[in-house]
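**Student:** Sequence first, then the predicted structure:
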Amino acid sequence: MPTLSTSSLLASSRTALLARMLGVDMVSHNLANVNTYGYRGERMNFQELLNGRTNINGVQPVGTQILLAHGRLETTGRSLDLAIDGDGFFPIQLPDGRTAYTRDGQFTRDADNNLVSGDGYRLIWQGQIPANTPDDRITVNRDGSVDVLRDDGTLARVGQIGLVRFANPTGLIGYGRNLFVESAPSGTPVAGNPGSAGFGAINGGALEGSNVNMAAEMTNLIALERAYSLSSKAFQQVDTMIGLAVQMRRA
């Protein structure tokens, strides 16, 4: 059986400490967004570090993974609040021209009458709401079609809101502000209309809550804190051993 040197033990304890710290940060971020509409929880993935003799020298983070469970739908009554009942993301145009994706359907209209997110980023859709149309005259149907009520009491179809899905949505990269961008693991975006094969329907006048499970996250946090404490003790003991070894060499 190969033996581990004190330096290897110290390195293993150090990487374990860093891994637990990153894990706590991720859980804390999830808990902070337990009431954020459309929020998708994330978890940190780790990988064991092996040296040339196949000894384990600790762990390192290799990326984050999006949790796909759907959040609970909450009725708001606002016509521009949109919840996705099923799979898919709303495509959002970033200021640099790139496209990001979100489940947060809290939309409003800007000065140019565009549908925008809470940060003012434009929703990418086909259509235009007529100027001076009150929000309560706008209806977004489950298939993403958008109707407005005219003064004469008739409905006019003014556009179509589409959704985007990915072969591996867990591979999306967090952009911040409840937005994600595509990556090689996520695959390229596939666009489609709500309610069609593989896409969820849109619930107008509703929002999707966070999918964070508070009980599970608290349990994970306790486990991480205990593991951090154990790793810290191991690090201190190895450090003490090295100190004693140095003193003995000097004696």
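**Tutor:** Yep, it's here. Numbers count the residues shown, from 1 in each chain.

**Student:** ranges for the helices of this structure?
**Tutor:** 6-32, 214-250 (DSSP state H).

**Student:** Quick one: list the elements packing against the longest one.
**Tutor:** For helix 214-250, the elements it packs on are helix 6-32, judged by 3 or more CB pairs under 8 Å, 6 or more residues apart in numbering; DSSP states H and E. Just so you know, the C-beta spots here come from the backbone N, C-alpha and C atoms, and that holds for glycine as well.

**Student:** could you check the angle helix 214-250 makes with the helix it packs on?
**Tutor:** Comparing the axes of helix 6-32 and helix 214-250 via axes from the mean of the first three to the mean of the last three CA atoms, to 10 degrees yields an angle of 160 degrees.

**Student:** let's have the chain start at 13 instead
**Tutor:** From this message on, residue numbering opens at 13, which makes the last subject helix 18-44.

**Student:** per-residue confidence for Arg65?
**Tutor:** With respect to pLDDT, Arg65 scores 54.

**Student:** That should have said Gln59, apologies.
**Tutor:** Looking at Gln59, its pLDDT stands at 68.

**Student:** ok, now the one 10 residues further on?
**Tutor:** The predicted structure scores Asn69 at 58 on the pLDDT scale.

**Student:** Equivalent analysis for the one 10 residues further on, please.
**Tutor:** Here, the pLDDT recorded for Leu79 equals 87.

**Student:** contacting residues around it?
**Tutor:** Arg52, Gly53, Glu54, Arg55, Thr182, Asn223 (CB atoms under 8 Å, 6 or more residues apart in numbering).

**Student:** Restricted to buried residues, select those in ChimeraX.
**Tutor:** Selection command for ChimeraX covering only the buried members of the contacts of Leu79, criterion 16 or more other CB atoms under 10 Å:
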select :52,53,54,182,223
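
**Student:** Of the contacts of Leu79, just say which sits nearest to Val39.
**Tutor:** Lowest distance from Val39 to the contacts of Leu79 (CB to CB) belongs to Arg55, with 8.4 Å.

**Student:** follow-up on the earlier one: looking at the contacts of Leu79, which has the smallest pLDDT value?
**Tutor:** Lowest in pLDDT among the contacts of Leu79 is Arg55, which has 85.

**Student:** Tell me the bridge partners for that residue.
**Tutor:** On the basis of DSSP bridges, Arg55 is bridged to Gln77.

**Student:** In this structure it contacts Asp37, no?
**Tutor:** No: counting by CB atoms under 8 Å, Arg55 sits too far from Asp37 to count as a contact (11.6 Å).

**Student:** one step back: can you tell me which of the contacts of Leu79 lies nearest to Ser243?
**Tutor:** Lowest distance from Ser243 to the contacts of Leu79 (CB to CB) belongs to Arg55, with 19.0 Å.

**Student:** From Gly75, how far off is the closest one?
**Tutor:** Distance of Arg55 to Gly75, computed by CB to CB, to the nearest Å: 10 Å.

**Student:** same question, Ile96
**Tutor:** Per CB to CB, Ile96 is found 25 Å from Gly75.
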